[in-house]
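A.B. asks: model this:
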Amino acid sequence: MSRERVLTGITTSGTPHLGNYVGAIRPAIEASRSGDVESFFFLADYHALIKCQDPDRVNQSTLEIAAAWIALGLDTDKVTFYRQSDIPEIPELTWLLTCMTAKGLMNRAHAYKGAVHANQEAGEDDDTAISMGLFSYPILMAADILMFNAHRIPVGRDQIQHVEMARDIAQRFNHHYGEHFVLPAAQVDEDSAILQGLDGRKMSKSYGNTIPLFLTEKKLKKHINKIKTNLLEPGEPKDPDTSAVFQIWQAFASKSQVEAMRVEFTNGIAWGEAKRQLFDLVNEQLREPREKYLQLMENPEKVEAVLQQGAVKARQHSASLIAAVRSAVGIRPLG
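C.D. replies: Residues are numbered from 1 along each chain as shown. Prediction:
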């Protein structure tokens, strides 16, 4: 019996932070260790070009993100871990799917509609600064998914629509050319942790309130000390459920450590002491991955070798599928 196939796309923009680790990276790596699934992970560097046209930044971000996942324990021998741009069949499939996709479907994509609305609010032409990459990228995402006939796609709520679009495109293609694609389903983890940032809001690059994942010990301590707290003095009881310090502690601590810290808050632990303990906890858990990450960043050829190995594994699937799809649409030898 074949295993269920799960495909996870990894954005290659920005530097990973604690929120990325707790909310996405850690649970995805843990899930990939199950013997019941066949896991595919890809670095979405083509997607990154929609928002970033700085070549050095695109390249550096790809290295940082790949090194982070490897350092944090992704077993690249067990899973298929590849870079999107190393699979030439993906842009080819994108075009074949584009020819079967109604423009009206793309008109309804949230990102495009949001950009149009922003232009209208600003009194600009509807299409100002909107590229065809932004408009049509749901088709590229569909190609990413359908290329490997993935059954489940772990996504955030804001990405559900794209999986639904991939499903619609697959249904239309299958109806016209015969059954070639599995119909994917979005998987949303309602229990995934969302960390608070330095200012108490959701940790996000757009808010500028993140704690980068692989800071040096000195910089990690400095960032943790910046976490916003109230003016309650040592000895005054503190509410753990409204504290960013406690919330981050909860994401890294064991159940017994969480309960012990909850008691400490009730007893009025000083903010400085709470932050010191949080630093010790997070630093200890990240010490070994940080060392491996820094080694990989100093030896990018090792990361490249892992990605090339993953591309070979991925193309064992993509080459055969694109051959079948090409034949189905009539692109095949004459005679």
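
A.B. asks: can we go C-alpha only for contacts and neighbour counts from here?
C.D. replies: OK.

A.B. asks: any low-confidence regions in the chain?
C.D. replies: Regions of the chain meeting the criterion pLDDT under 70 cover residues 1, 191.

A.B. asks: what ranges do the helices span in it?
C.D. replies: Along the chain, the segments classed as helices by DSSP state H run 18-20, 26-32, 45-51, 55-71, 89-98, 103-107, 110-121, 132-147, 160-177, 217-225, 244-252, 255-266, 271-298, 300-329.

A.B. asks: Tabulate those in a markdown table, adding columns for mean neighbour count and distance to Gln187.
C.D. replies: Formatted as a markdown table, the entries for the helices of the chain read as follows, by neighbours: other C-alpha atoms under 10 Å; distance: least, C-alpha to C-alpha, whole Å:
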| stretch | mean neighbour count | distance to Gln187 |
| --- | --- | --- |
| helix 18-20 | 22 | 17 |
| helix 26-32 | 16 | 12 |
| helix 45-51 | 17 | 20 |
| helix 55-71 | 19 | 20 |
| helix 89-98 | 19 | 22 |
| helix 103-107 | 13 | 22 |
| helix 110-121 | 16 | 19 |
| helix 132-147 | 22 | 13 |
| helix 160-177 | 18 | 8 |
| helix 217-225 | 16 | 32 |
| helix 244-252 | 20 | 21 |
| helix 255-266 | 15 | 26 |
| helix 271-298 | 16 | 28 |
| helix 300-329 | 16 | 22 |
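
A.B. asks: Glu236 is nearest to which of these?
C.D. replies: The closest of the helices of the chain to Glu236 is helix 255-266. By C-alpha to C-alpha, the value is 8.0 Å.

A.B. asks: Restricting to C-alpha, output the closest one in CSV.
C.D. replies: Coordinates of the C-alpha atoms in helix 255-266 are reproduced here as CSV (Å, rounded to 0.1, in the frame of the first residue of the first chain):
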residue,chain,number,x,y,z
LYS,A,255,4.9,20.5,30.7
SER,A,256,6.4,20.4,34.1
GLN,A,257,8.6,23.4,33.3
VAL,A,258,5.5,25.3,32.2
GLU,A,259,3.7,24.6,35.4
ALA,A,260,6.7,25.5,37.5
MET,A,261,7.0,28.9,35.7
ARG,A,262,3.3,29.5,36.1
VAL,A,263,3.8,29.2,39.8
GLU,A,264,6.8,31.5,39.6
PHE,A,265,4.6,34.2,37.9
THR,A,266,2.0,33.8,40.6
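
A.B. asks: between that helix and helix 271-298, how many degrees?
C.D. replies: Interaxial angle, helix 255-266 versus helix 271-298 (axes from the mean of the first three to the mean of the last three C-alpha atoms, to 10 degrees): 140 degrees.

A.B. asks: hmm, who's touching helix 255-266?
C.D. replies: Contacting residues not belonging to helix 255-266 are listed as 237-240, 246, 249-250 [C-alpha atoms under 8 Å, 6 or more residues apart in numbering].

A.B. asks: repeat for stretch 122-137
C.D. replies: Applying C-alpha under 8 Å, 6+ apart, the contact partners of stretch 122-137 are 47, 50, 106-107, 109, 111-112, 115-117, 119-120.

A.B. asks: Start and end of that stretch, how far apart?
C.D. replies: Between the opening and closing residues of stretch 122-137 we find a distance of 24 Å, counting by C-alpha to C-alpha, to the nearest Å.

A.B. asks: heads up, I number from 19, so please use that
C.D. replies: Yep, numbering from 19; the last one is stretch 140-155 now.

A.B. asks: what distance separates it from the centre of its chain?
C.D. replies: Centroid displacement of stretch 140-155 relative to its chain, using C-alpha atoms, centre = their mean, to the nearest Å, is 24 Å.

A.B. asks: Ok, stretch 271-288 next?
C.D. replies: What separates the centre of stretch 271-288 from the centre of its chain is 31 Å, taken as C-alpha atoms, centre = their mean.

A.B. asks: May I have the residues that are in contact with Asp95?
C.D. replies: Per C-alpha under 8 Å, 6+ apart, neighbours of Asp95: none.

A.B. asks: just Ala42 next, same as before
C.D. replies: Ser210.

A.B. asks: Check the gap between it and Ala211 for me.
C.D. replies: Distance, Ala42 to Ala211, by C-alpha to C-alpha: 8 Å.

A.B. asks: circling back: so which of the helices of the chain is nearest Arg21?
C.D. replies: For those, distance to Arg21 was read as C-alpha to C-alpha. The smallest value, 12.2 Å, belongs to helix 44-50.

A.B. asks: hmm, who's touching the closest one?
C.D. replies: Residues beyond helix 44-50 that count as contacts (C-alpha under 8 Å, 6+ apart) turn out to be 56-57, 90-92, 97.

A.B. asks: Can I have the buried ones of these as a ChimeraX selection?
C.D. replies: Buried subset of those, written as a ChimeraX selection, criterion 16 or more other C-alpha atoms under 10 Å:
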select :56,57,90,92,97
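
A.B. asks: Please narrow the contacts of helix 44-50 to those residing in strands.
C.D. replies: For the contacts of helix 44-50, the ones inside strands are 56-57, with DSSP state E as the criterion.

A.B. asks: And the contacts of helix 44-50, which is closest to Trp289?
C.D. replies: Leu90 (29.4 Å).

A.B. asks: Would you mind measuring from the residue lying closest to that closest one once chain neighbours are set aside to Ser79?
C.D. replies: Counting by C-alpha to C-alpha, 6 or more residues apart in numbering, the nearest residue to Leu90 once its immediate chain neighbours are dropped is Pro307, at 5.5 Å. Note on Pro307: its distance to Ser79, by C-alpha to C-alpha, is 18 Å.
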